[in-house]
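In: attaching a predicted model along with its sequence, questions to come.
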2 protein chains.
Amino acid sequence: MKKYCFGIDVGGTTVKMGLFTTEGELLDKWEIPTRKEDGGAYILNDVAASVEAKLAEKNIAKEDVAGAGIGVPGPTLDTGYVSICVNLGWKDKNPANELSELLSIPVKAGNDANVAALGEMWKGGGEGYLDVVLLTLGTGVGGGIIINGEIAPSHRGVGGELGHITVNPDEEATCNCGNHGCLEQYASATGVVRIAKKLLAASKEESSLRTLETVTAKDVFDAAKAGDHLAVEAVEVLGKYLGLVVANVALTVDPDVFVIGGGVSKAGQVLIDVITKYYHKFAKIIGDNKAKVVLAKLGNDAGIYGAARMVLK
Amino acid sequence: MKKYCFGIDVGGTTVKMGLFTTEGELLDKWEIPTRKEDGGAYILNDVAASVEAKLAEKNIAKEDVAGAGIGVPGPTLDTGYVSICVNLGWKDKNPANELSELLSIPVKAGNDANVAALGEMWKGGGEGYLDVVLLTLGTGVGGGIIINGEIAPSHRGVGGELGHITVNPDEEATCNCGNHGCLEQYASATGVVRIAKKLLAASKEESSLRTLETVTAKDVFDAAKAGDHLAVEAVEVLGKYLGLVVANVALTVDPDVFVIGGGVSKAGQVLIDVITKYYHKFAKIIGDNKAKVVLAKLGNDAGIYGAARMVLK
């Protein structure tokens, strides 16, 4: 029985790394810079060197290491193959195989949002369940689908791309992806600000948001919590579209629990409440026994937890 | 190695039954009436007697039978447990365990729409793939999600209930489930007729549909194929909402292929074309390598094929 595993979450700026017991206890975490020069050619060597250094520092033998998981910020096939990863400069690469060769331990790779979902299932908001859906509300909106305790297969690398589910075909503004009315246009940090500004422009109603030079997602939620009517309305729009996606995903994969993470989820229970309200409205057929909606628990560590979990099955 | 298996598809009027080789060749199929008296108490005994009779007729020994699968027209848990099945009168029952005891062979049970999806994966429109989504357009709209060659887990029995995905929150008419704007309100046989009638009432434009006493789904598609403008418009509405659901499901579970079945699918390629058009419109982020949309192949036999396949893994 191996005792340790590594979780590696490659981001565009830093690589987050964690040393775990195979029981899921985080023993140590640290970061190294992501060197994107020359098509990201040095990233995996840097990661390997950092893992080797940590093993030496902790006096851990490689025989005691079950392996390493690696989260990649782009589409990643089950085989570990990455056709293109714009964020890192990678093209036509199998980072799992390459890192495995460098370290002589088993390595698995997955898309970072799916990997984070696996982390939240293992030790976060979805702990105790095997069928979990994560929605990450940050600069963009991402997602991950865990079925039977594993990342669901994804043939085009778009499984769990819940931010690009169309929630409003009548939207006039264009999403980054070229579509109109994606969830991301309403439920990301920039999305909720966009809604608030639209509501502010469309009415003359007083609002504490009018006094601010720049409006952030946090401002909108804080104003809503303080009872500001326009801010409440903006949160309702966000909740309506998030609730719609939660309902529709529930009628597709019927998970145990929905976990809501990302910067916007710092708004807390008010966010869970408004999502739940609309989820129940749109999923009448499910009856009373609906899947729970909960806040994520691991924050920025979800990626290293999930990456570590990947090699344990 | 066992040589045979049985597929049983319990409907409200008849029980469809099939004897298969474990390779998936259908050797014989037949039906018996569904006796719903006394809370459906005789159904499983009738099924068991019919299986025994077939074994005797074909001179097959029970040792050569891998088992039987049974499709149930209502929510069915992975354990085979059925809390309530309105169509049959069953309550708090485990038909898989009961039939297994009656026949002394392994039995598995599943929801009929999911079981049909498994059938289409095995020997129908999804043959050759392991990740398949079925949409059945009949009196209602049903669905089934196959992941890694198996029916996806469903904790509330609503996995694959794609007919109740909300596609138009602004719809005023109420769906059978109590929600407004479910896919079923547009893409079922009655749904497309409803759309056509609404379009007919809203305009004075000429249409061959106006000459008919009663309008059926087939009439709408036939008129659309003949170029009738209002009928084409009705088919576009149906295609838009089906394409929206296909896109959104693709961004959730990212399957290999979508299979379209049910009575409405007799419309053929025109239906596939209009679904694909809107699917591509709404799923821009997937790029060119989109999952295929194809017609189902097994018709009413999908249920017995899928049921038989359930016991082979």
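Out: Received, thanks. Numbers count the residues shown, from 1 in each chain, chains lettered A, B, ... in the order given.
In: ok, the nearest residue to A:A196 once chain neighbours are set aside to A:K218 distance?
Out: Excluding its sequence neighbours, the residue lying closest to A:A196 (C-beta to C-beta, 6 or more residues apart in numbering or on different chains) is A:A234, at 4.1 Å. Where C-beta positions appear, they are placed from N, C-alpha and C, glycine not excepted. Distance, A:A234 to A:K218, by C-beta to C-beta, to the nearest Å: 13 Å.
In: sorry, back to before: Three-state assignment for the residue nearest to A:A196, please.
Out: With DSSP: H, G, I helix; E, B strand; the rest coil as the basis, A:A234 sits in helix.
In: residue contacts, it?
Out: A:192, A:195-196, A:199, A:220, A:224 (C-beta atoms under 8 Å, 6 or more residues apart in numbering or on different chains).
In: can you tell me which of these is closest to chain B?
Out: Proximity to chain B was ranked across the contacts of A:A234 by C-beta to the nearest C-beta; first place goes to A:I195, at 15.9 Å.
In: so who does that closest one touch?
Out: Residues counted as contacts of A:I195 (C-beta under 8 Å, 6+ apart) are A:186, A:234, A:237-238.
In: also A:V72?
Out: Taking C-beta under 8 Å, 6+ apart, we find A:V72 in contact with A:10, A:82, A:85, A:88, A:90, A:95, A:109-112.
In: can you pick the most crowded of those residues?
Out: By neighbour count, taken as other C-beta atoms under 10 Å in any protein chain shown, the most surrounded of the contacts of A:V72 turns out to be A:A109 (30 neighbours).
In: show me which of the contacts of A:V72 is closest to chain B.
Out: Taking C-beta to the nearest C-beta as the measure, chain B lies nearest A:N111 of those, at 10.7 Å.
In: for the closest one, what are its contacts?
Out: Taking C-beta under 8 Å, 6+ apart as the criterion, A:N111 is in contact with A:71-76, A:144, A:151, A:154, A:157, A:160.
In: gap between it and A:F20?
Out: For A:N111, the distance to A:F20 (C-beta to C-beta) stands at 20 Å.
In: kindly report the same for A:V51.
Out: The span separating A:V51 from A:F20 equals 12 Å under the rule C-beta to C-beta.
In: do the same with A:T34
Out: Per C-beta to C-beta, A:T34 is found 21 Å from A:F20.
In: who has more neighbours out of these two?
Out: Looking at A:T34 and A:F20 with other C-beta under 10 Å, you find the greater number of neighbours at A:F20, namely 27 against 21.
In: using the three-state scheme, assign the more buried one.
Out: The local conformation at A:F20, judged by three-state DSSP, is strand.
In: that one and A:K3 touch, don't they?
Out: No - contact between A:F20 and A:K3 fails when scored by C-beta atoms under 8 Å: they sit 9.8 Å apart.
In: domain parsing for chain A?
Out: For chain A, automatic domain parsing gives the domain ranges A:4-124+A:301-310, A:132-296.
In: turn those domains into TSV, including mean pLDDT.
Out: As requested, these are arranged in TSV below (pLDDT from 0 to 100):
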stretch	mean pLDDT
domain A:4-124+A:301-310	96
domain A:132-296	95
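In: among the ones you listed, which is nearest B:R309?
Out: When the domains of chain A are compared for distance to B:R309 using C-beta to C-beta, the nearest one is domain A:132-296, at 18.2 Å.
In: and the residue of chain A most remote from its centre, which of the three is it?
Out: Seen from the C-alpha centroid of chain A, the residue lying at the greatest distance (C-alpha atoms, centre = their mean) is A:K204, 37.0 Å away. For A:K204, the secondary-structure state derived from three-state DSSP is coil.
In: do the same with A:K29
Out: When the structure is reduced to helix, strand and coil (three-state DSSP), A:K29 reads as strand.
In: and the stretch 51-200 of chain A, which residues reach chain B?
Out: With C-beta under 8 Å from any C-beta of the partner chain as the criterion, the stretch 51-200 of chain A meets chain B at residues A:130-131, A:145, A:147-148, A:152-162, A:164-166, A:169, A:177-179.
In: show me where the stretch 51-200 of chain A has its helices.
Out: With DSSP state H, counting those that start in this stretch as the criterion, the stretch 51-200 of chain A has helices at A:95-103, A:112-123, A:184-187, A:189-202.
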